[in-house]
Every structure is written in structure tokens, then in C-alpha cells.
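[1] A structural model of the following input is requested.
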Amino acid sequence: MSSELAFTIKKNLKHLRKQKHITQREAAQIFGISYSAYGKYENNTPVQPTLEILIRIADYYGVSLDELIDRDRSTENGTQKKEASIFDKFQESYESMSLPDKMVVDKFLEEAFAKWRASETSTSEESEQEGSV
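    Model prediction:
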């Protein structure tokens, strides 16, 4: 395993664990491994989790193995992928809704967008006024 990949796993494990507000000891118990082994996974040691352990970890945190080992979840790119994932889930849910439910969602989105547009317009006008003073 490359040192870059090991570093990515280390950062992602720590990030995901902190999001769940659990300790390293609790994580070790959840994944069925020793506390010292888990600690080594989050530290810069040559010991890295097996594929079986990585699968358990990914399943628990609700991420894919690809997300767990290939990208830094704290980067802007990670945020963009997460946003795309949320949109995909929303789209799936929307497509499975009944027509009356879709109408309610459509109305809500139209109102929310109108409010957002109004706030953007007022913010833009305020900026222009400040610039001309």
C-alpha cells in the first residue's frame, strides 16, 4: 500500500469517526478489532486495515470503499461529490413520489428559489450602493 493511500485512509478514518462522535476505542469495538490495531490505522504506522476491515468500516459509515480509500473527504472536491450524491438521492425520491406529493415539493422549491433570488438581488443592490458611495 502506498504511503499516500495510507495517509488518505488515516485522514478519512479520523474524519468519519469524529463525525460520528465516537472514540477510537468505540470504533475498535464496532469493527471487531483491538483498540491498538485501530489506533495504528489512524496513525502513521505501516499497519493498515485488511479489505475485510475496510468493508466493515465503509458499511458502518455509509460510504463506498472508493470514498474511504481514494479521496480526502475534507477537500472541496469531496464536498462537490457529496452534494452530487445528495442531489441524486433527492432525484430518486422525487421520481418515486405520487403526483400530489410532487406538486407540494414543486411549490416549496419554487417559493424557496424565489426567496433566494430576492435575497441575492437585494444583496447585489446593497453592494452596488456601497460601491457608488
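[2] Helices along this protein, start to end?
    For the chain, applying DSSP state H gives helices covering 3-19, 24-31, 35-42, 51-61, 65-70, 76-95, 99-132.
[3] Show me what the second one is in contact with.
    Among residues not part of helix 24-31, those counted as contacts by C-beta atoms under 8 Å, 6 or more residues apart in numbering are 13, 17, 22, 34-35, 37-39, 42, 53, 56-57, 60. Using the backbone N, CA and C atoms, a C-beta is placed for each residue, glycine as well.
[4] And those, which of them are buried?
    13, 17, 38, 42, 53, 56-57 (16 or more other C-beta atoms under 10 Å).
[5] among those residues, which two are most distant?
    Pairwise distances across the buried ones among the contacts of helix 24-31 peak at 15.3 Å for 42 and 56 (criterion: C-beta to C-beta).
[6] Low-confidence stretches in the chain?
    Applying pLDDT under 70 to the chain flags the ranges 1-6, 44, 46, 70-84, 122-133.
[7] and it, what are its domains?
    Listed by automatic domain parsing, the domain ranges of the chain are 3-72, 77-132.
[8] Could you identify which of those is most buried?
    Counting by mean count of other C-beta atoms under 10 Å, domain 3-72 has the highest mean neighbour count of the domains of the chain, with a mean of 15.
[9] Apart from its neighbours in sequence, what residue is nearest residue 55?
    Ranked by C-beta to C-beta, 6 or more residues apart in numbering and with sequence neighbours excluded, the top spatial neighbour of residue 55 is residue 65, at 6.8 Å.
[10] Tell me who's in contact with that neighbour.
    54-55, 58.
[11] And it, how close does it get to residue 102?
    From residue 65 across to residue 102, the span is 35 Å (C-beta to C-beta, to the nearest Å).
[12] Distance to residue 9 added to the contacts of residue 65, as JSON lines?
    Formatted as JSON lines, those follow (distance: C-beta to C-beta, whole Å):
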{"residue": "54", "distance to residue 9": "8"}
{"residue": "55", "distance to residue 9": "13"}
{"residue": "58", "distance to residue 9": "11"}
